[in-house]
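Asks: quick one: sequence and predicted model below, then my questions.
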Amino acid sequence: MAKVGKKAIKNAAKGAIGKVPAPSPNPMANLILADIALRAGGALLRRGVEKGLVGSRVGSSKAGNLIRGRSMAQTLIGTAIARIATRSVPGAIVVGGGLVAKTLFERRRRMKAEAVGKIALEKQAERGEKS
């Protein structure tokens with residue numbers, strides 16, 4: 001079997017990409033289509049990860065209700081915190097440090113945190129069932 005070099009692989013990949021036709025002859029329309037596809041894919045992936053992480057603890061159907069039951073404020077705060085954490089190293093350190101501190105604080109007060117958390121989960125799940 002003949003060895004294939006890295007340069008040959010790169011050239012073959014470039015040629016294959018160049019031969020795939022775009023969905024539209026208008027480059028701006030293609031950009032919009034790509035943006036929609038990436039956002040939709042990201043939303044589906046995010047929902048799947050959230051449902052998987054929460055569902056392992058409370059069950060799949062209740063996890064779906066919890067995700068649907070989020071308020072606008074919860075969604076905006078989560079988005080803002082994620083942006084801060086992903087845009088800079090100091091932001092990631094601050095957000096990560098805050099999450100570690102919150103986790104350690106709640107572990108020290110486990111019984112109270114579990115009781116408060118269960119009540120909040122039930123309320124949010126009820127909001128999710130209604131929507």
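Replies: Cool, got the structure.

Asks: low pLDDT regions in this structure?
Replies: Scanning the chain for pLDDT under 70 picks out 1-5, 7-18, 131.

Asks: now do the helices in it.
Replies: For the chain, the helices defined by DSSP state H occupy 6-19, 27-58, 60-68, 72-87, 89-108, 110-130.

Asks: save those as TSV, and put in mean neighbour count too.
Replies: No exception for glycine: its C-beta is placed from N, CA and C like everyone else's. Below are the helices of the chain laid out as TSV (neighbours: other Cβ atoms under 10 Å):
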stretch	mean neighbour count
helix 6-19	9
helix 27-58	12
helix 60-68	17
helix 72-87	11
helix 89-108	11
helix 110-130	12
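
Asks: residue 51: what's it in contact with?
Replies: Counting by Cβ atoms under 8 Å, 6 or more residues apart in numbering, residue 51 touches 60, 63-64, 67.

Asks: quick check: the residue nearest the centre of the chain vs residue 39, distance?
Replies: Geometric centre of the chain, nearest residue: residue 46, 3.2 Å, by Cα atoms, centre = their mean. Distance, residue 46 to residue 39, by Cβ to Cβ, to the nearest Å: 10 Å.

Asks: next: residue 94.
Replies: Distance of residue 94 to residue 39, computed by Cβ to Cβ: 27 Å.

Asks: next, the contact list for residue 127, please.
Replies: 68-69, 71.

Asks: dump those to JSON lines, plus distance to residue 81.
Replies: As requested, those are exported to JSON lines (distance: Cβ to Cβ, whole Å):
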{"residue": "68", "distance to residue 81": "20"}
{"residue": "69", "distance to residue 81": "19"}
{"residue": "71", "distance to residue 81": "15"}
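
Asks: return the member of these nearest to residue 26.
Replies: residue 68 (36.5 Å; Cβ to Cβ).

Asks: my guess is the closest one contacts residue 128. True?
Replies: Yes - counting by Cβ atoms under 8 Å, residue 128 is a contact partner of residue 68 at 3.7 Å.
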